[in-house]
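> Task: produce atomic coordinates for the following.
(chains A, B, C and D)
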Number of protein chains: 2
Amino acid sequence: MSPRVTMRDVARTVGVSPMTVSRALRDDETVNEKTRHKIRQVATDLGYVYDTTAQAFRTQKSGFVAVTLPSINNANFAETFRGLSDGLSASGMQLLLGSTSYRVEKEEELVRQLLTRNPEAIVLTGGHHTDETRALLSARNLPVVEMWDLPENPLGHVIGFSNADAMAKLVTHLAESGRRKLAYIGASDLTDLRGAERREGVLAKAAELGLPDVEVLDAGPAPVSMRHGAQAVSELGSRVGDFDALVCVSDPVAFGVLSECQRQGLNVPGDIAVTGFGNFEVASVSTPRITTVGVTAREIGQEVAMLLDELFSGETQGERRVIDVGSRLVQGETS
Amino acid sequence: MSPRVTMRDVARTVGVSPMTVSRALRDDETVNEKTRHKIRQVATDLGYVYDTTAQAFRTQKSGFVAVTLPSINNANFAETFRGLSDGLSASGMQLLLGSTSYRVEKEEELVRQLLTRNPEAIVLTGGHHTDETRALLSARNLPVVEMWDLPENPLGHVIGFSNADAMAKLVTHLAESGRRKLAYIGASDLTDLRGAERREGVLAKAAELGLPDVEVLDAGPAPVSMRHGAQAVSELGSRVGDFDALVCVSDPVAFGVLSECQRQGLNVPGDIAVTGFGNFEVASVSTPRITTVGVTAREIGQEVAMLLDELFSGETQGERRVIDVGSRLVQGETS
DNA sequence: CCGTAACATGTTATCGGTACCAAGCAGACC
DNA sequence: GGTCTGCTTGGTACCGATAACATGTTACGG
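Residues are numbered from 1 along each chain as shown, chains lettered A, B, ... in the order given. Take a look at the predicted model:
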């Protein structure tokens, strides 16, 4: 195998020093324009490929931003990732993506692994982490951003919203529309901590408004999706008549619920209301459209990107930023 | 800022050479077990974090596998990514993800960028690439895998299926059910080349079966999703009555189409059939369930991972692998 | 007691860029 | 002419790990 072409080779061919080649390829304007041109030309001709690994090593700047998502297969997180990716592409940063499967221990392992790549910043989804994760991150002098949540005890910057508040808006809306007997459908276990916050938000607001106790229906372990929503209703059988509103942890679950209700001949919203979370595309396209809470998934990613850009360009000096992007009720036709 | 802790520091503290530390941390069994233990202990105590960048540089092995996807916000590609990610995690490889937005020029730029990170393999979605991309890849001695397609002129290994064949199965099924007048709904432009293959598959099979000409309806530029399907039907207005089957480029589009049909009071499948592609969750949960073609998104990723594992472990010697994972008709209730 | 093997550890050079400092050279100005 | 300034280029060391080779140490049979 022929050894790789390096700057040295380019330099020798052009008749300059490697240093000049390095400068030319990074568009350093102190290099004479003709020289720069020639160097670029020769580099292309020789099939030279810049070695970012070497650069990262020498400069101690990896050009990486580490990102952890609970799941990549979730339209909202994917949108956030896209917003982040697009927003950062200008600055030349590469995203290093890892998926935690909604589990903090997995997150810890992932963070440990990602840190060995020397990221210049790390973006975590959610505000729940193991102590070890917290320790690992605070031991380093590394910008940390938590998103999709408003943690009480943030590790660094925060760009998120309150899951509990968002659900409270829905419950209030349902109560105002005369719904009384609510059921909550979401993941059973405590692995999905954002889901747990939503559930608590529902229970708290219902209690505050003096509604009867909300029944919590188990849709199985996280991540729950359309089929789990459908199944939950199916398992409920005739007991579905006990409720006049089904509050779901997410739009996909709500869609599954809606679909199964339709299959059973129930009238939504006549017989029963259904609500979701996240303003996924399916909520606005289904018939009837699903009442949900809109969160600005894409913008969260963009905001994070903007914040990181500022940090990298040195405009911002460390002061902790906490941005609540909020959420808004999106009234559909299912309530 | 305190300078980072390196192997040298660990070595000094333990009283051995850096080489021994290196060996110990990589679980080299030639290192005495007590020594190994002590080194690990000290490394933890000092807060040492292994520097993969330095390792990658020294060994000229990045530990990266580069992956390009048309879109991350697509359940099927996300599943493939997950399969790949899970399958490779054992081998310690990190995925470097890039999104092409369904454009080959974007892919070229991405490939160029990814190559500077010295990936040990590259996985591309689809079989269409610019000449420059092909040149870049063949200039390197790098395993290349193309997936989600069966390209005529593959760059390396292939794990995919025929998009045209898949659609042909649907058309055959529709024809056998007595449907005659088909419309195809998909992206208009030629950016989504997989979509284009599907369209051609539909047109070819319809012609072969002697069906009337298939009308191609424009759902806008790629990527098209639920809302575009709904909109296409909406724009069609009363002309929807001209058709007895709507063949859609993907399940999300089909769902949008189905939903809008329901909104207009059409009976699916009584008045008109609707079909999708990809066997997305929405197809199996919607009411009625959507007839579609199942592709094994997850398994494609797993297959790629297995292939790469073999390549990395040196079991396989270069011979080009072409795996057709096929596709299968999934009959729903919309046809 | 010696040679040899098996095991454990150390030494040196190196991967490909680039920070830092030095220096050559042309033109301007006194 | 001498000096100074600005522009352009070069030399050297180094980032942190590890491959390749060398060395030291112990065990054991003859």
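> Which strand residues bridge residue A:94?
Here residue A:94 sits in beta bridges with residue A:64, going by DSSP bridges.
> if I look at it, how far off is residue B:66?
If you measure residue A:94 against residue B:66 using C-beta to C-beta, to the nearest Å, the figure is 10 Å. Where C-beta positions appear, they are placed from N, C-alpha and C, glycine not excepted.
> near chain B, which residues of the stretch 101-250 of chain A show up?
A:113, A:115-118, A:139-141, A:225-227, A:229-230 (C-beta under 8 Å from any C-beta of the partner chain).
> Those in helices, which ones?
A:113, A:115, A:226, A:227, A:229, A:230 (DSSP state H).
> So what's the residue count around the fourth one?
Yep, that's residue A:227 we're talking about. With neighbours defined by other C-beta atoms under 10 Å in any protein chain shown, the count for residue A:227 comes to 18.
> Repeat that for residue A:140.
For residue A:140, using other C-beta under 10 Å, the count is 15.
> and what of residue A:212?
10.
> May I have the phi/psi pair for it?
Per-residue torsions, residue A:212: phi -60, psi 160 (degrees, to the nearest 10).
> So it versus DNA strand D, what's the distance?
Distance check for residue A:212 against DNA strand D: by C-beta to the nearest atom of the strand, to the nearest Å, it reads 60 Å.
> same thing with residue A:176?
Residue A:176 sits 60 Å away from DNA strand D, taking C-beta to the nearest atom of the strand as the criterion.
> Then residue A:320?
Distance of residue A:320 to DNA strand D, computed by C-beta to the nearest atom of the strand: 27 Å.
> Just to be sure, that residue is in a strand?
No: following the definition DSSP: H, G, I helix; E, B strand; the rest coil, residue A:320 is coil and is not counted among the residues of a strand.
> which stretches of chain A have low pLDDT?
Counting by pLDDT under 70, chain A has low-confidence residues at A:1-2, A:189, A:315-318.
> in it, which residue is closest to the centre?
Nearest residue to the geometric centre of chain A (C-alpha atoms, centre = their mean): residue A:77, 3.8 Å.
> so it sits right up against residue A:125, yeah?
Yes: shown here, residue A:77 and residue A:125 form a contact pair, counting by C-beta atoms under 8 Å, at 6.8 Å.
> Could you single out the nearest of the residues of the stretch 101-250 of chain A next to chain B to DNA strand C?
Distance to DNA strand C, by C-beta to the nearest atom of the strand, is smallest for residue A:118 among those, at 13.4 Å.
> Run a quick neighbour tally on the closest one.
Residue A:118: 22 neighbours (other C-beta under 10 Å).
> Which element, helix or strand, includes the residue nearest to the centre of chain A?
When elements are assigned from DSSP states H and E, residue A:77 belongs to helix A:75-89.
> Using the three-state scheme, assign residue A:96.
Reducing the assignment at residue A:96 to three states with three-state DSSP gives strand.
> Against residue B:63, how distant is it?
For residue A:96 relative to residue B:63 (C-beta to C-beta), the value is 12 Å.
> Now do the shared contacts for those two.
Taking C-beta atoms under 8 Å, 6 or more residues apart in numbering or on different chains as the criterion, residue A:96 and residue B:63 both touch residue B:94.
> and those two? which has more neighbours close in?
In this view residue A:96 and residue B:63 are compared by other C-beta under 10 Å, and residue A:96 has more residues nearby, 24 against 18.
> could you measure the more buried one against residue B:81, distance?
Relative to residue B:81, residue A:96 is positioned 14 Å away (C-beta to C-beta).
> now check stretch A:305-314, is it near chain B?
No: under the criterion of C-beta under 8 Å from any C-beta, chain B is not reached by stretch A:305-314; the shortest gap measures 14.5 Å.
> Residues in contact with both of residue A:77 and residue A:125, list them for me.
A:69, A:70, A:148.
> In contact with the second one, which residues?
So the one you mean is residue A:70. With contact set as C-beta under 8 Å, 6+ apart, residue A:70 has these partners: A:77, A:99, A:100, A:101, A:102, A:125, A:126, A:192, A:194, A:222, A:223.
> Next step: those residues restricted to helices.
The helices in this structure, assigned by DSSP H, contain A:77, A:194 from these.
> among the contacts of residue A:70, which are in reach of DNA strand C?
The subset of the contacts of residue A:70 within reach of DNA strand C, by C-beta under 7 Å from any atom of the strand, is empty.
> isn't residue A:46 right up against residue A:8?
No: contact between residue A:46 and residue A:8 fails when scored by C-beta under 8 Å: they sit 11.1 Å apart.
> Compare the two and say which one has the larger neighbour count.
A count of neighbours by other C-beta under 10 Å puts residue A:46 above the other of residue A:46 and residue A:8, at 14 against 11.
> Those residues of chain A touching DNA strand D, which are they?
A:15-17, A:19-20, A:23, A:29-33, A:35, A:57-58, A:60.
> Close to chain B as well: tell me which of those qualify.
Checked against chain B using C-beta under 8 Å from any C-beta, the residues of chain A next to DNA strand D yield the following neighbours: residue A:57.
> and the residues of chain A next to DNA strand D, which are buried?
When these are checked for burial by 16 or more other C-beta atoms under 10 Å in any protein chain shown, the buried set is A:16, A:20, A:23, A:31, A:35, A:57.
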